[in-house]
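1. Build me a model from this:
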Amino acid sequence: MTVLPSQRRQAALRRLTTLGEVGFAELAEEFGVSEMTIRRDVETLESEGLARRVRGGAISVTSRSYEPPFGVRATTAAQAKAAIGAAAARLVNDGDTIIVDVGTTTLELARALRGRHGITVVTAALPVAMELGNEPDIRVVVTGGQVRQGELSLTGGMAEDAFTTMNCDLAFIGVAGVCLTPGLTEYNPDDARVKRAAIAAARRTIVLADSSKLGKIAFATVAPLSAVDALVTDAPAGHATVREIAAGGTDIIAASGDGAGSGQRPA
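-> Residues are numbered from 1 along each chain as shown. Coordinates of the predicted model:
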């Protein structure tokens, strides 16, 4: 199938966003075109202010603290996020008290929980509270705190302190990046502090992350991978970061595009 120049540029931009850099040779091999063609693609991205050429490739001009708008993130990898949310929902038993974190993937988890019985959901995310607030058999507890515009997350001391008074079964955490070192990372330090408090309040921590988050490092460190009990992802078992995380003892729960998910521990 012929790949259009615009599709190549979007693929290169996604790679830049995830890894921070791309090589001309690897992209040329991936798309079956010459390095000169890839150079022209990168020149276009550079002219649009989206990349900067360096020897042998290009680097991202986007800061690790840059957070794409919630609406943009919600439409990125939407099918994968829905599958991850559905797989995560199957880890919740009726009667559980769970924390559902801020983020577009955790919002998919909230949607997958509709119709469940006897669950208590604690959240610092107003979209999650709005999604589940009218469910007759789900109790929703909102932490309180200062509202971040755009994200509609609750941050600050009030949000962090709320978690110190709670003992929850599961914390479902969304992050901007998952890497062997430093572990879980997030764009915004205020959100990162609330996530740390949520992790400390739960018996088990489950991270929800689509494949674009794996190997990525964002600005603020949330927690080391040793704090994570399971990762729910659409990435294949052979993905380098998945293998590294599994080797450290974290359970890998595979989410397929059709919404099926199964426990998996790559060798």
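2. Could you use CA atoms for every contact and neighbour count after this?
-> Noted.
3. any idea of the mean pLDDT for the helix or strand containing Ala88?
-> With elements delineated by DSSP states H and E, Ala88 resides in helix 78-89, which encompasses its position. In this model, helix 78-89 carries a mean pLDDT of 94.
4. And it, what does it pack against?
-> Using 3 or more C-alpha pairs under 8 Å, 6 or more residues apart in numbering; DSSP states H and E as the contact definition, the elements that helix 78-89 packs against are helix 104-112, strand 202-208, strand 230-233, strand 251-255, strand 261-264.
5. excluding its backbone neighbours, what's nearest the spatially most central residue of the chain?
-> Nearest residue to the geometric centre of the chain (C-alpha atoms, centre = their mean): Ala209, 3.7 Å. Counting by C-alpha to C-alpha, 6 or more residues apart in numbering, the nearest residue to Ala209 once its immediate chain neighbours are dropped is Thr233, at 5.3 Å.
6. Lys216 versus the one you found, what's the distance?
-> With the distance defined as C-alpha to C-alpha, to the nearest Å, Thr233 ends up 14 Å from Lys216.
7. now, of the helices and strands packed on helix 78-89, which is deepest in the fold?
-> With neighbours taken as mean count of other C-alpha atoms under 10 Å, these reach their highest mean count in strand 230-233, at a mean of 26.
8. which residues are in contact with that strand?
-> Contacts to strand 230-233, defined as C-alpha atoms under 8 Å, 6 or more residues apart in numbering, come from residues 84, 87-88, 205-211, 250-255.
9. Which of those residues sits closest to Ile38?
-> Distance to Ile38 across those (C-alpha to C-alpha) is lowest for Ser211, with 23.7 Å.
10. and the closest one, what is it in contact with?
-> Counting by C-alpha under 8 Å, 6+ apart, Ser211 touches Thr233, Asp234, Ala235.
11. I'd like the residues you listed as TSV, with distance to Gly150 and pLDDT appended.
-> Supplementary listing: these in TSV, determined by distance: C-alpha to C-alpha, whole Å; pLDDT from 0 to 100:
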residue	distance to Gly150	pLDDT
Thr233	25	96
Asp234	26	94
Ala235	28	91
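12. For this protein, which segments are assigned as helices?
-> Using DSSP state H, the helices assigned to the chain run over residues 5-19, 24-31, 35-47, 70-74, 78-89, 104-112, 126-132, 157-164, 189-200, 240-247.
13. I'd say Gly215 and Thr181 touch.
-> No. No contact is recorded between Gly215 and Thr181 when judged using C-alpha atoms under 8 Å, the distance being 9.1 Å.
14. and of the helices of the chain, who's closest to Thr143?
-> Closest approach to Thr143 among the helices of the chain (C-alpha to C-alpha): helix 157-164, 5.1 Å.
15. Which strands and helices lie in contact with that closest one?
-> Using 3+ C-alpha pairs under 8 Å, 6+ apart as the contact criterion, the neighbours of helix 157-164 among helices and strands are helix 189-200.
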